[in-house]
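K.L.:
Provided below are the primary sequence and the corresponding predicted coordinates.
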Amino acid sequence: MSEVPLSGLSLPELVERAGRGDQTAWDGLVERFASLVWSVARGYRLGQADASDVSQTVWLRLVEHLRELREPQALAGWLATTTRHECLRVLRRSGRELLEEDPLREVGDRASDEPGPELLVLRGERHEHVWEALDTLSPRCRLLLRALACSPDASYAEVSAALEMPIGSIGPTRSRCLTHLRTALARLGVVAQD
């Protein structure tokens with residue numbers, strides 16, 4: 001019996017074969033979705049090493065849960081969501097380590113926790129630049145980023161229903177919108193350009 005080329009297999013067939021231990025099918029899944037995982041990780045402005053770690057962890061999670069995947073067609077969304085959760089875990093971990101190094105916290109060298117006037121001015125300027133950068137985005141990007149920022153606990157299903165956007169496109173669209181926002185912020189001098 002001749003073997004069906006991977007390009008001729010549907011996503012459910014690839015998932016099913018990879019779940020049975022077919023290395024060729026697994027390689028096909030990785031090839032198909034590696035750029036998605038990588039773009040979501042880089043969309044969180046992770047460095048090369050952290051993005052690689054996140055990517056490896058996401059693929060490990062898929063190995064652990066591949067047989068439990070009920071809807072193979074939703075694999076892209078599952079990968080994007082898992083990548084997002086891993087990125088947030090890495091950012092939380094690094095955020096705790098970097099909190100003391102935040103230059104805005106040291107301005108004014110005050111003993112109290114109340115921000116001084118210098119800090120308030122810096123925060124206000126940063127706030128204005130973010131809004132200015134947001135205004136350069138497409139209406140769809142602005143709407144999606146605001147929905148996700150204003151309702152951080154909302155599931156992708158809820159955001160999908162509210163914005164009438166396919167659930168599988170939310171993660172990749174969000175990543176692209178954040179890339180455009182980061183570019184706009186770099187043009188304004190708020191963040192360093194890659």
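P.N.:
The structure has been received and is ready for your questions. Residues are numbered from 1 along each chain as shown.

K.L.:
which non-adjacent residue is nearest the residue nearest to the spatial centre of the chain?
P.N.:
For the chain, the residue nearest the mean C-alpha position is V40 (3.8 Å; Cα atoms, centre = their mean). The shortest distance from V40 to any residue other than its chain neighbours is 4.1 Å, reached at T83 (Cβ to Cβ, 6 or more residues apart in numbering). C-beta: built from backbone N, CA, C; applies to glycine.

K.L.:
contacts only, for the residue nearest to the centre of the chain.
P.N.:
Going by Cβ atoms under 8 Å, 6 or more residues apart in numbering, V40 touches 79-80, 83-84, 87, 171-172, 175.

K.L.:
where's it, which helix or strand?
P.N.:
Using DSSP states H and E, V40 sits within helix 23-43.

K.L.:
which helix or strand lies directly C-terminal to that helix?
P.N.:
Next in line after helix 23-43, if elements are assigned by DSSP H and E, sits helix 48-65.

K.L.:
what mean pLDDT does that next one have?
P.N.:
Helix 48-65 shows a mean pLDDT of 91.

K.L.:
buried sites along it?
P.N.:
Within helix 48-65, the residues that qualify as buried by neighbour count (16 or more other Cβ atoms under 10 Å) are 50-51, 54-55, 57-59, 61-62.
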